[in-house]
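Chemist: Structural data only, the sequence is not supplied:
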């Protein structure tokens, strides 16, 4: 495993808050080991970091020191591990997951497995800005504010959550804001606030919360269903078959799954398939027809239509935006 110090990594992912809106691009290449690029945008209350990389060897970054912040971390492609001071366990992430981390002057070590396409987007928030949004959300979120005031690092979710289409849409608009420059900072602030609210919605429906009309056995079965779907989402699946496999009646499967995870069984399957489609498009080894067939679509046009509804752009435009 190739190893480098946090200071060597600092210029690539430096986090800071600035009085005026500021953008920077950085890149670092070590031949035969890795190639990384970042796009950063910094403001008074938050900074946006988009990190892209190719890792030809397993790579570890040791003792990376950062400032106190709240981090909305979205893993868009690939996987990574993070050992953050004050956190009880490794904060590993894989494609299609997110978490919210409260980091107090953290010292971290990151692990990037060998992979050809890695991308994450991190929205670093000033604690005061994050708490201001939580105060507006009312009593259920005061516990998070209190935990932050204890000046201890913690993850809002014990395990990473599944990123949904609404969050992906907001992230795309943060990457490419369709707004005049003189309106950009206020627009970006509104989208960042929207992402906070979408994450807090996942917190309010998190499976760790008590669920009415479902007992612990039902909840465990539904969690097992979710794990099963995350592996077998390309298979031909029916509610009847899933119910039979996990000894759940269809009503509990349909209603309980949405109650716990915030989306229907087939919405979850669809999102996993679209994330896989995006990964295949990034890989650029298959044509649209082959990708459509892998995902189970009977025609290219139906796949293209579904992809555009999910990502807000056609597969062709998606490829073009990534090349830029």
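Modeler: Arrived safely, thanks for sending. Remember, it's a predicted structure, so these values are computed and weren't measured experimentally.
Chemist: so how far is residue 316 from the residue most central in space within the chain?
Modeler: In the chain, the C-alpha nearest the mean C-alpha coordinate belongs to residue 74, at 2.4 Å (Cα atoms, centre = their mean). Applying Cβ to Cβ, to the nearest Å, the value for residue 74 to residue 316 is 24 Å. (Each C-beta comes from the backbone N, C-alpha and C, glycine too.)
Chemist: hmm, back to that, the residue nearest to the centre of the chain contacts residue 121, doesn't it?
Modeler: Yes - counting by Cβ atoms under 8 Å, residue 121 is a contact partner of residue 74 at 4.8 Å.
Chemist: Show me whatever sits in contact with both of the two.
Modeler: When contacts are counted by Cβ atoms under 8 Å, 6 or more residues apart in numbering, residue 74 and residue 121 have residue 171 as shared neighbours.
Chemist: which SS class is residue 64?
Modeler: What DSSP: H, G, I helix; E, B strand; the rest coil gives for residue 64 is strand.
Chemist: Can you give me the neighbour number for the closest residue to it other than its chain neighbours?
Modeler: Sequence neighbours aside, residue 6 is the residue nearest to residue 64 in space, at 3.3 Å (criterion: Cβ to Cβ, 6 or more residues apart in numbering). Residue 6: 17 surrounding residues under other Cβ atoms under 10 Å.
Chemist: Same question for residue 277.
Modeler: Using other Cβ under 10 Å, the number of residues around residue 277 comes to 23.
Chemist: swap in residue 103?
Modeler: Residues lying near residue 103 (other Cβ under 10 Å) number 23.
Chemist: what is the mean pLDDT for stretch 75-83?
Modeler: Across stretch 75-83, the average pLDDT comes to 91.
Chemist: buried set for it?
Modeler: Buried positions in stretch 75-83, judged by neighbour count with 16 or more other Cβ atoms under 10 Å: 75-80, 82-83.
Chemist: Now the one helix or strand residue 111 maps to: average pLDDT?
Modeler: Here residue 111, judged by DSSP states H and E, is contained in strand 107-112. Summarised as a single mean, pLDDT over strand 107-112 is 92.
Chemist: Contacts only, for residue 95.
Modeler: So residue 95 contacts 75-79, 275, 279 (Cβ under 8 Å, 6+ apart).
Chemist: So which of the residues you listed are in strands?
Modeler: 75-77, 79 (DSSP state E).
Chemist: For these, give me a markdown table that also has distance to residue 97.
Modeler: Listed next are these as a markdown table, based on distance: Cβ to Cβ, whole Å:
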| residue | distance to residue 97 |
| --- | --- |
| 75 | 5 |
| 76 | 10 |
| 77 | 11 |
| 79 | 9 |
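Chemist: Determine which two of the residues you listed are furthest apart.
Modeler: The two members of those with the most space between them (Cβ to Cβ) are 76 and 79, at 11.1 Å.
Chemist: My read is that the residue nearest to residue 64 contacts residue 85, right?
Modeler: No - contact between residue 6 and residue 85 fails when scored by Cβ under 8 Å: they sit 11.9 Å apart.
Chemist: Check the contact lists of these two and give me the overlap.
Modeler: Residues touching both residue 6 and residue 85 (Cβ under 8 Å, 6+ apart): 107-108.
Chemist: partners of the strand holding residue 111 in the sheet?
Modeler: Sheet pairing for strand 107-112, assigned by DSSP bridges, gives strand 59-65 (antiparallel), strand 79-84 (antiparallel).
Chemist: Please state the offset of the shortest one from the chain centre?
Modeler: In other words, strand 79-84. In terms of Cα atoms, centre = their mean, to the nearest Å, the centre of strand 79-84 is found 13 Å from the chain centre.
Chemist: Other residues contacting the next helix or strand after it?
Modeler: Downstream of strand 79-84, the first helix or strand assigned by DSSP H and E is strand 93-94. Applying Cβ under 8 Å, 6+ apart, the contact partners of strand 93-94 are 73, 75, 78-82, 99, 120, 160.
Chemist: what's the neighbour count on residue 307?
Modeler: A count of nearby residues for residue 307, using other Cβ under 10 Å, gives 25.
Chemist: swap that for residue 27, please
Modeler: Neighbours of residue 27 (other Cβ under 10 Å): 12.
Chemist: again, but for the one 3 residues further on
Modeler: By the other Cβ under 10 Å criterion, the neighbourhood of residue 30 contains 14 residues.
Chemist: Much appreciated, bye for now.
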